[in-house]
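*Asks:* could you work out the structure for the sequence below:
(one chain, ligands or ions: 3)
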Amino acid sequence: MKLLSPQQIHEWDAYTIEHEPIASIDLMERAARRCTDFIIEHNFKHQQILIFCGKGNNGGDGLAIARQLIEAGLSPVVYILEFGAKGTDDFQTNLHKLHQLTTAIHFIQAAEFFPVIDKHKDLVIDALFGSGLNRPLQELSAALVDHINNAGVTVIAIDVPSGMFIDKSSKDNIVIKAKYTLTFQALKLCFIVAENAPCFGEVHVLDIGLINSFLQTIKTYTLVTKQLITTQLIQRNAFAHKGTYGHALLIAGNKGKMGAAILAAKACLRSGAGLVTINTNENYFTAVHAALPEAMCIDRSENIDHSIYKSAGIGPGIGVNDESAIVVAATLTQFTKPMVIDADALNIIAANEGWLNNVPAGSIITPHPKEFERLFGKCADDFERIEKVMALSIQYPFTIVLKGHHTMIASKGEAWFNTTGNPGMAKGGSGDVLTGMLSALLAQGYDPLQSALTGVYLHGLAADIAIKNIAQVSMLATDIIDHISDAILSLQETDDTSLSF
Ligand SMILES: NC(=O)C1=CN([C@@H]2O[C@H](COP(=O)(O)OP(=O)(O)OC[C@H]3O[C@@H](n4cnc5c(N)ncnc54)[C@H](OP(=O)(O)O)[C@@H]3O)[C@@H](O)[C@H]2O)[C@@H](O)CC1
Ligand SMILES: Nc1ncnc2c1ncn2[C@@H]1O[C@H](COP(=O)(O)OP(=O)(O)O)[C@@H](O)[C@H]1O
Ligand SMILES: [K+]
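*Replies:* Ligands and ions are numbered 1, 2, ... in the order given. Prediction:
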């Protein structure tokens with residue numbers, strides 16, 4: 001699945017209209033029908049439905065929904081935000097049809113015409129502005145959105161909450177606060193970023209039958225889905241031995257933070273590395289052996305023979321002290337194979353100018369947004385950060401994994417957003433697990449981009465499987481590790497390719 005810009009969505013519509021073929025008014029009817037079905041199926045019908053429409057095609061959808069609801073026996077009231085300009089053709093056609101059925105159509109020319117909204121009795125359908133929004137809301141439209149938001153009523157936004165831009169920041173703008181957003185055919189970038197989360201609520205992607213073959217020609221962000229990952233999995237060879245699947249070195253853990261090393265090492269083993277060695281202080285070997293007998297240890301002060309390791313993971317729990325900085329510097333210059341760089345290793349690199357240039361080609365860096373800021377500076381908003389990641393992925397020869405609800409993976413100017421994972425993972429240790437998993441995939445010979453896509457997807461999927469039996473609030477990083485195997489097994493099932501957000 002791809003994330004399209006407003007222009008690409010428009011082109012996809014036009015392609016479908018030409019090639020299905022279907023008249024644009026019939027495509028609008030189909031889109032409206034999906035929304036009407038959602039409203040009826042979700043039993044909102046006991047409420048008074050107020051439909052607010054603009055005069056573009058988003059408003060046209062609202063009018064078609066109103067008519068379909070009337071045909072289903074309901075009595076919605078329609079409010080059209082009036083600017084004096086003529087509506088689009090499909091808006092006008094639907095307005096004409098609606099006039100045949102109801103007189104409950106009101107034009108809003110000024111704030112005094114805003115209806116009183118009762119949050120206990122009313123349901124608002126927001127069909128003011130959709131993908132055609134081209135400037136922030138102001139004056140009457142902004143006042144109307146404020147009026148709706150202040151009512152605290154349940155809002156269902158059609159396609160996109162009015163006032164929200166599809167592919168750029170709407171931060172500090174006036175935007176509808178929806179409980180549900182019914183978006184057409186594909187997810188959009190605006191639903192991926194955290195800054196918009198308070199406005200879009202629960203996003204439902206409604207299939208309106210646009211022709212999929214159009215997408216093959218489009219270059220844009222892609223979602224990491226089961227389909228993408230299943231085609232990338234390397235099968236285990238019957239004649240394999242532990243050497244076949246690589247020896248991973250994990251430079252992790254320190255005083256008070258050995259848990260990070262153990263979590264990373266256990267996740268690494270559960271994700272298929274042939275051998276795992278933790279590089280840490282000798283004093284902590286006993287803790288590792290007691291928790292994880294399968295892992296080996298090597299003392300941090302010892303000279304490391306890097307040639308025996310197929311991959312390395314550096315950072316979890318090492319601290320930002322001088323001793324750790326020396327190990328990071330040495331590893332960056334001596335370990336020439338791809339490695340995973342996380343947590344304090346990233347903080348150390350951020351504090352030392354020029355060290356970023358020493359990261360071996362093909363490595364994976366896994367910052368969360370704060371670590372990203374320490375490395376690359378502040379960004380004004382989530383969209384600027386995404387653009388920055390894209391530019392950096394061209395500038396540097398490593399894969400960037402920017403962690404979050406929809407983790408972004410970028411390499412060589414191409415980017416993906418993950419679709420698995422849940423807020424149960426918002427607990428210390430989840431990132432250490434990811435470092436271990438990525439190190440395991442590199443050790444087994446997955447290329448860096450494949451490792452990043454597969455590791456991030458499986459990490460979130462393991463957590464999604466875990467919460468079937470564990471409350472999100474109770475989930476531990478250990479629970480993610482305990483479900484890595486289930487995540488891998490579920491990739492082999494061919495049943496469900498659907499997405500939920
Ligand atoms: N495949 C699909 O996805 C399908 C999509 N469909 C639907 O089409 C929708 C897109 O329709 P659309 O292109 O007509 O644009 P829409 O969002 O209604 O608004 C444009 C109008 O708003 C105006 N305007 C803009 N900004 C403004 C502002 N800040 N303040 C005030 N005015 C502002 C602008 O006017 P102007 O810039 O000329 O002043 C123009 O008149 C899409 O979201 C979906 O609902 C389905 O019907 C079929 C399949
Ligand atoms: N709300 C969420 N939804 C999905 N994934 C999440 C969520 N919160 C955290 N995660 C995932 O959990 C991991 C947390 O990593 P990080 O912040 O480095 O934690 P730590 O260093 O404490 O282990 C990341 O992979 C992130 O994508
Ligand atoms: K809308």
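*Asks:* ligand 1 versus D479, what's the distance?
*Replies:* 39 Å (C-beta to the nearest ligand atom, to the nearest Å). Placement of C-beta: from N, CA and C, glycine included.
*Asks:* surely that residue touches I470?
*Replies:* Yes - counting by C-beta atoms under 8 Å, D479 does reach I470; the two are 5.6 Å apart.
*Asks:* what sits in contact with each of those two?
*Replies:* G424 (C-beta atoms under 8 Å, 6 or more residues apart in numbering).
*Asks:* the two: which is more packed in?
*Replies:* D479 (21 against 16; other C-beta atoms under 10 Å).
*Asks:* now do the SS call for L269.
*Replies:* helix (DSSP: H, G, I helix; E, B strand; the rest coil).
*Asks:* so it touches A440, yeah?
*Replies:* Yes - contact criterion C-beta under 8 Å: L269 and A440 qualify, at 7.3 Å.
*Asks:* pull up the overlap in contacts between the two.
*Replies:* Common neighbours of L269 and A440 (C-beta under 8 Å, 6+ apart) are V276.
*Asks:* now the nearest residue to A295 once chain neighbours are set aside: which helix or strand?
*Replies:* Excluding the flanking residues, the one nearest A295 by C-beta to C-beta, 6 or more residues apart in numbering is A265, at 4.4 Å. Taking DSSP states H and E as the definition, A265 sits inside helix 258-270.
*Asks:* from the middle of its chain, how far away would the lowest-mean-pLDDT helix or strand in the chain be?
*Replies:* Of all helical and strand segments in the chain, the minimum by mean pLDDT, DSSP states H and E falls on helix 226-230, at a mean of 89. Taking C-alpha atoms, centre = their mean, to the nearest Å, one finds the center of helix 226-230 at 16 Å from the center of the full chain.
*Asks:* then stretch 109-120?
*Replies:* For stretch 109-120, the distance to the chain centre is 35 Å (C-alpha atoms, centre = their mean).
*Asks:* averaged pLDDT, that stretch. What do you get?
*Replies:* Mean pLDDT, computed over stretch 109-120, is 96.
*Asks:* list the contacts for whichever residue of the stretch 351-500 of the chain sits closest to ligand 2?
*Replies:* The minimum distance from the stretch 351-500 of the chain to ligand 2, using C-beta to the nearest ligand atom, falls at G431 (2.2 Å). Residues near G431 by C-beta under 8 Å, 6+ apart: P316, D342, A343, T366, H368, K403.
*Asks:* which residue ranges of the stretch 351-500 of the chain form strands?
*Replies:* 364-365, 399-402, 408-411, 414-418 (DSSP state E, counting those that start in this stretch).
*Asks:* those strands into CSV, with extra columns for distance to ligand 2 and mean pLDDT?
*Replies:* Listed next are the strands of the stretch 351-500 of the chain as CSV, based on distance: least, C-beta to the nearest ligand atom, whole Å; pLDDT from 0 to 100:
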stretch, distance to ligand 2, mean pLDDT
strand 364-365, 12, 98
strand 399-402, 8, 98
strand 408-411, 10, 98
strand 414-418, 7, 97
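*Asks:* buried deepest among those strands, which one?
*Replies:* Of the strands of the stretch 351-500 of the chain, the one with the most neighbours on average (mean count of other C-beta atoms under 10 Å) is strand 364-365, at a mean of 28.
*Asks:* does at least one residue of stretch 38-51 sit close to ligand 3?
*Replies:* No - using C-beta under 5 Å from the ion, stretch 38-51 never reaches ligand 3; the gap is at least 10.8 Å.
*Asks:* buried residues, that stretch. List them.
*Replies:* For stretch 38-51, the buried set under the neighbour-count rule, 16 or more other C-beta atoms under 10 Å, comprises F38, I39, F44, Q47, I49, L50, I51.
*Asks:* before we move on, back to that, who has more neighbours, L269 and A440?
*Replies:* Using other C-beta under 10 Å as the criterion, L269 and A440 rank with A440 on top: 31 against 20.
*Asks:* for that one, give its distance to Q227.
*Replies:* 22 Å (C-beta to C-beta, to the nearest Å).
*Asks:* contact partners for the nearest residue to D344 once chain neighbours are set aside?
*Replies:* In this structure, D344 finds its nearest non-sequential neighbour in I318, 4.7 Å apart by C-beta to C-beta, 6+ apart. For I318, the contact set (C-beta under 8 Å, 6+ apart) comprises I251, A252, G253, N254, K257, S324, V327, V328, A343, D344, A345.
*Asks:* got it, and G243?
*Replies:* G243 is in contact with G274, L275, counting by C-beta under 8 Å, 6+ apart.
*Asks:* next one: I314
*Replies:* L250, I251, A252, V327, V328, T331, M339, V340, I341, D342, A345.
*Asks:* ok, and the most crowded of these?
*Replies:* Most surrounded of the contacts of I314: other C-beta under 10 Å gives V340, at 35 neighbours.
*Asks:* where's that residue relative to ligand 3, distance?
*Replies:* 41 Å (C-beta to the ion, to the nearest Å).
*Asks:* per-residue pLDDT, that residue?
*Replies:* 98.
*Asks:* so which strand or helix has it?
*Replies:* strand 339-341.
*Asks:* ok now that strand, how far from the chain's centre?
*Replies:* 22 Å.
*Asks:* so which residues of the stretch 151-300 of the chain form strands?
*Replies:* So, for the stretch 151-300 of the chain - with DSSP E, counting those that start in this stretch - the strands run 154-158, 180-184, 202-206, 221-224, 247-251, 275-280, 296-299.
*Asks:* thinking again about what came up before, how far away is the residue of the stretch 351-500 of the chain closest to ligand 2 from I386?
*Replies:* 20 Å.
*Asks:* same thing with A361?
*Replies:* Applying C-beta to C-beta to A361 and I386 gives a distance of 23 Å.
*Asks:* compare those two (neighbour count), which wins?
*Replies:* Between A361 and I386, counted using other C-beta under 10 Å, I386 has the larger neighbour count: 21 against 11.
*Asks:* list the contacts for the nearest residue to the more buried one once chain neighbours are set aside?
*Replies:* Excluding its sequence neighbours, the residue lying closest to I386 (C-beta to C-beta, 6+ apart) is M408, at 6.5 Å. M408 makes contacts with I386, V389, I400, V401, L402, A415, W416, F417, N418, as judged by C-beta under 8 Å, 6+ apart.
*Asks:* wait, the fifth one touches K370, no?
*Replies:* In this case it means L402. No - here L402 does not reach K370: they are 11.1 Å apart, not a contact under C-beta under 8 Å.
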